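> following is a predicted model, sequence given first.
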Amino acid sequence: NKMVALQCIAVVGQKNQPLFMASSQSNPPTADVESAIFTALDIAQDKSTVGKSTSSEALDCYIGPLNYLDSGRCFGFVTNTKIKFIVISDEYAPREQEMREVFSRIHNSYVLAACNPFYSIEQPITSRRFAGAMNSLLQ
């Protein structure tokens, strides 16, 4: 039941501040990886339909592929509360259903972390359970 191979997972707040970042290669992620994440954020903002219309498309938080890198491709997801999930996949063209499953798992883990009464929304995520879930996706 191996999912798509991921290099990096980033959770970014409403004001584009990093809330969580993990990499399969190095922690913290390299400057190149961080740069790719922030480039992908600009594209994600342009492509996101969250809050723009009432069509069923607007209810779909999955944005899809954002940009190519030398070593893979960035994909994005924007929640209804404008929290952004960016992942870097080792594959240039993973199956869409696999990417949707990855984002579903990230989103579910984020919701659990955000529901913790000790977590302040828009603050860095320090939950060990969340980090463990993200690290299991990176392996």
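Done, it's in.
> quick one: secondary structure of residue 85?
Three-state assignment for residue 85 (DSSP: H, G, I helix; E, B strand; the rest coil): strand.
> burial count for residue 131?
16 (other CB atoms under 10 Å). The C-beta positions use only the backbone N, C-alpha and C, and glycine is treated the same way.
> ok, and what's touching the longest helix along the chain?
Counting residues, the longest helix found in the chain (DSSP state H) is helix 96-114. Helix 96-114 has contacts (CB atoms under 8 Å, 6 or more residues apart in numbering) with 3-4, 6, 9, 11, 61-62, 64, 75, 77, 79, 83, 85, 87, 89, 119, 121, 125, 127, 129-130, 133-134, 137.
> what does stretch 65-75 give?
7, 36-37, 39-40, 43-44, 47, 63-64, 76, 86-93, 99, 102-103.
> drop anything exposed from the residues you listed.
7, 36-37, 40, 43-44, 63, 76, 86-89, 99, 102-103 (16 or more other CB atoms under 10 Å).
> grab the nearest non-local neighbour of the residue with the shortest distance to the centre of the chain.
What sits nearest the mean C-alpha location of the chain, by CA atoms, centre = their mean, is residue 85, with 2.2 Å. With sequence-adjacent residues excluded and distances taken as CB to CB, 6 or more residues apart in numbering, residue 85 is closest to residue 77, at 4.3 Å.
> same question for residue 121.
residue 114 (6.4 Å).
> still on that earlier bit, got a pLDDT number for the residue nearest to residue 85?
Here the pLDDT value assigned to residue 77 is 92.
> list phi and psi for it.
phi -150, psi 130 (degrees, to the nearest 10).
> from here on, call the first residue 42.
Renumbered: residue one is now 42, and that last one reads residue 118.
> ok, it - contacts?
102, 103, 104, 125, 126, 127, 144, 147, 148.
> now the angle from whatever helix or strand the third one lives in to helix 137-155?
Take DSSP states H and E as the rule and residue 104 turns out to sit in strand 103-110. Between the axis of strand 103-110 and that of helix 137-155 there is an angle of 110 degrees, by axes from the mean of the first three to the mean of the last three CA atoms, to 10 degrees.
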